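1. sequence unavailable; structure follows:
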Ligand SMILES: NC(=O)c1ccc[n+]([C@@H]2O[C@H](COP(=O)([O-])OP(=O)(O)OC[C@H]3O[C@@H](n4cnc5c(N)ncnc54)[C@H](O)[C@@H]3O)[C@@H](O)[C@H]2O)c1
């Protein structure tokens, strides 16, 4: 029960890494607010957590709309009294090169960059009131490397890496630590779909030289393996860690 008595907001907490994180934080005693646009998946994730004795509340939220974020924070605080932890996980995958349209740029910037900032803007006052806490942003190996035809997505993930350092600087006086987890290839629905388009199932993706085979551990990862790193950074065990980027990429960027 490493998060007993804590309240966590997980954006994009309905599916994928966010879902695994909502479940993992709840397992460790946190009351979890699942802030996601996807109502069906969000409700189901919250029900699953409650069924195993955890505390979770789904609040339909679009991180690219400030009013929606404001409302989510109000509902969260009304339900659980405070917020200690924020996981900025929601993102979309607009995978384009320089042929991206203005609309495509705005779409991905609105969610991945401006959304991350706006959710932080409205949650931080609550974390301050709670006496401090932790923010975990979802970066990526894409924050640091080039990938073919990924100009749009990688620009947003590089922004998240930079925002993590800037937020760590600005929020340290409030006793709020800000870190990023940077995953490699994680077997979530989007990755499964992209692998499927390349004719790969999970076993084949593990071995394929451009997928799991590209990292030292020679496999893709389960979302729970990322949730464990997020849990560490959100917990008091990471009390002297701020402004850091933890690579959880099977060693992809080590060589
Ligand atoms: N899957 C990977 O291999 C991988 C690798 C590196 C980094 N990441 C990062 O991890 C995070 C989660 O990725 P994932 O693969 O689990 O994605 P996913 O698509 O499986 O899940 C994303 C969740 O965010 C929600 N969401 C999307 N737009 C939203 C919005 N405007 N407001 C609120 N919620 C919204 C979706 O409904 C969904 O539940 C992202 O930040 C992604 O960039 C993923």
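-> Arrived safely, thanks for sending. Computed from a predicted model, the values in this text were never measured in an experiment.
2. contacts for stretch 57-66, please.
-> 11-12, 14, 31-37, 39, 42-43, 45-46, 68-69, 71-72, 75-76, 79-80, 90, 110-111, 114-116, 118-119, 122 (C-beta atoms under 8 Å, 6 or more residues apart in numbering). C-beta here means a position set from N, CA and C on the backbone, and glycine is covered the same way.
3. write the PyMOL selection for whichever of those are buried.
-> Restricted to buried positions by 16 or more other C-beta atoms under 10 Å, the PyMOL selection for these reads:
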select buried, resi 11+12+14+31+32+33+34+35+36+37+42+45+46+68+69+72+75+76+80+90+110+111+114+115+116+118+119+122
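4. of the contacts of stretch 57-66, which ones also sit close to the ligand?
-> 11, 12, 14, 36, 37, 90, 111, 115 (C-beta under 6 Å from any ligand atom).
5. so of these, which ones are in helices?
-> Among these, DSSP state H puts residue 115 in helices.
6. show me which of the ones next to the ligand among the contacts of stretch 57-66 is closest to residue 236.
-> Distance to residue 236 across those (C-beta to C-beta) is lowest for residue 11, with 22.1 Å.
7. please look at that closest one and residue 21 and confirm they touch.
-> No. Taking contacts as C-beta atoms under 8 Å, residue 11 lies outside contact range of residue 21: 10.0 Å.
8. overlap in contacts of those two?
-> With C-beta under 8 Å, 6+ apart, residue 11 and residue 21 have common neighbours 87, 89.
9. ok, residue 213 touching residue 206?
-> Yes. The pair residue 213 / residue 206 is scored as a contact, 7.2 Å apart, by C-beta under 8 Å.
10. now do the contacts for residue 69.
-> 35, 61, 63, 118, 119, 122.
11. element containing residue 177?
-> Assigned by DSSP states H and E, residue 177 belongs to strand 176-183.
12. now do that strand: distance to the chain's middle.
-> From the chain centre to the centre of strand 176-183 is a distance of 9 Å (C-alpha atoms, centre = their mean, to the nearest Å).
13. so residue 164 makes contact with residue 181?
-> No. Using C-beta under 8 Å, residue 164 is not in contact with residue 181; the gap is 9.8 Å.
14. name the residues contacting each of those two.
-> Joint contacts of residue 164 and residue 181 (C-beta under 8 Å, 6+ apart) are 137, 139, 245.
15. which one among the residues you listed gets closest to the ligand?
-> Using C-beta to the nearest ligand atom, residue 139 comes nearest to the ligand of those, at 6.9 Å.
16. dihedrals phi and psi, the closest one?
-> phi -90, psi -140 (degrees, to the nearest 10).
17. and it, what does it touch?
-> By C-beta under 8 Å, 6+ apart, the neighbours of residue 139 are 157, 160, 161, 164, 180, 181, 182, 245.
18. the ligand next: which of these are close?
-> Within the contacts of residue 139, nothing lies near the ligand by C-beta under 6 Å from any ligand atom.
19. for these, give me CSV that also has pLDDT and neighbour count.
-> Listed next are these as CSV, based on pLDDT from 0 to 100; neighbours: other C-beta atoms under 10 Å:
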residue, pLDDT, neighbour count
157, 98, 23
160, 99, 24
161, 98, 17
164, 99, 27
180, 99, 28
181, 99, 27
182, 99, 25
245, 98, 17
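20. tell me the pLDDT of the residue lying closest to residue 145 once chain neighbours are set aside.
-> Excluding its sequence neighbours, the residue lying closest to residue 145 (C-beta to C-beta, 6 or more residues apart in numbering) is residue 253, at 6.5 Å. Note on residue 253: pLDDT of 98.
21. what sits opposite residue 57 in the beta ladder?
-> On the basis of DSSP bridges, residue 57 is bridged to residue 33.
22. got a list of contacts for the helix or strand where residue 169 lies?
-> In the assignment (DSSP H and E), residue 169 maps to helix 151-171. Identification of contacts with helix 151-171 by C-beta under 8 Å, 6+ apart yields 88, 91, 93-98, 100, 104-105, 108-109, 112-113, 116-117, 120, 124, 135, 137-140, 142-147, 177-180, 182, 242-243, 245.
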